[in-house]
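Visitor: Pasting a predicted model and its sequence here:
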Amino acid sequence: MDIGRLNINVGGMPTPGFGGDAAEFLELGRLVGGDLPPSYLKLVRYADGGHPEVGSCYPQGVQSEDGLFDLDCFYALANPAVENVRDVHARWGSLLGSGMLPLGRDGGGNQVYVALGETPASVWLYRHENGMRLKLANSLDAFIDSLMPNPDFI
């Protein structure tokens, strides 16, 4: 999982990694109802939220241009410049369900989340306009690895 290639930033400046106490990860896991995967800890320690310049992927089973998904931002654990995962969970947790960790969103507010009850924890997209759920990847590592530049912006 090469997080660096995503160029996660806020306003063009690289996002700092989370440097807080490890107890915050345990607290977040209790809040959402599951153990956080090691790849999530690695992601947040590298970049605590922000916009990935490399952030497009296809949901599983979709390869058409119309199905391309663009991640607008990853949620933060402690970075005040980025939307906080706890606040997002307070708004979306009842819709996403127990054991679902909000990870980020697209530009339209559709939620990307990690299903913590699966082994490994898979990554999903919740489309709020119709309640549809689309699997993006079988694991967070696979999701990060699947992200690519949007071909429309190259």
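Guide: Sure thing, it's come through. On a predicted model such as this, the values are computed, not experimentally measured, just so you know. Residues are numbered from 1 along each chain as shown.

Visitor: CA only for contacts and neighbour counts going forward, please
Guide: Noted.

Visitor: tell me which element the residue minimising distance to the centre of the chain falls in.
Guide: For the chain, the residue nearest the mean C-alpha position is Leu103 (2.8 Å; Cα atoms, centre = their mean). In the assignment (DSSP states H and E), Leu103 maps to strand 100-105.

Visitor: what's the lengthiest helix in the chain packed up against?
Guide: In the chain, taking DSSP state H as the definition, the longest helix is helix 85-96. Contact analysis of helix 85-96 by 3 or more Cα pairs under 8 Å, 6 or more residues apart in numbering; DSSP states H and E lists helix 23-32, strand 100-105 as its packing neighbours.

Visitor: again, only using 10 Å
Guide: Using 3 or more Cα pairs under 10 Å, 6 or more residues apart in numbering; DSSP states H and E, the elements in contact with helix 85-96 are helix 23-32, strand 100-105, strand 111-115, strand 122-127.

Visitor: Please save the CA atoms from the longest one in PDB.
Guide: Taking Å, rounded to 0.1, in the frame of the first residue of the first chain, the C-alpha atoms of helix 23-32 are listed here in PDB:
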ATOM      1  CA  ALA A  23      -5.700   5.500  22.600                       C
ATOM      2  CA  GLU A  24      -7.700   7.700  20.100                       C
ATOM      3  CA  PHE A  25      -7.700   4.800  17.700                       C
ATOM      4  CA  LEU A  26      -9.200   2.500  20.400                       C
ATOM      5  CA  GLU A  27     -11.800   5.100  21.200                       C
ATOM      6  CA  LEU A  28     -12.700   5.500  17.500                       C
ATOM      7  CA  GLY A  29     -13.000   1.700  17.200                       C
ATOM      8  CA  ARG A  30     -15.400   1.600  20.200                       C
ATOM      9  CA  LEU A  31     -17.400   4.400  18.700                       C
ATOM     10  CA  VAL A  32     -18.000   2.700  15.300                       C
END
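
Visitor: That helix versus strand 100-105: what angle between them?
Guide: 110 degrees (axes from the mean of the first three to the mean of the last three Cα atoms, to 10 degrees).

Visitor: residue contacts, Leu140?
Guide: 1, 37-40, 43, 103, 113-115, 120-124, 146 (Cα atoms under 10 Å, 6 or more residues apart in numbering).

Visitor: So which residues make contact with stretch 80-93?
Guide: Against stretch 80-93 from outside (Cα under 10 Å, 6+ apart): 9-11, 15, 28, 31-32, 48-51, 73-78, 95-97, 99-105, 111, 128.
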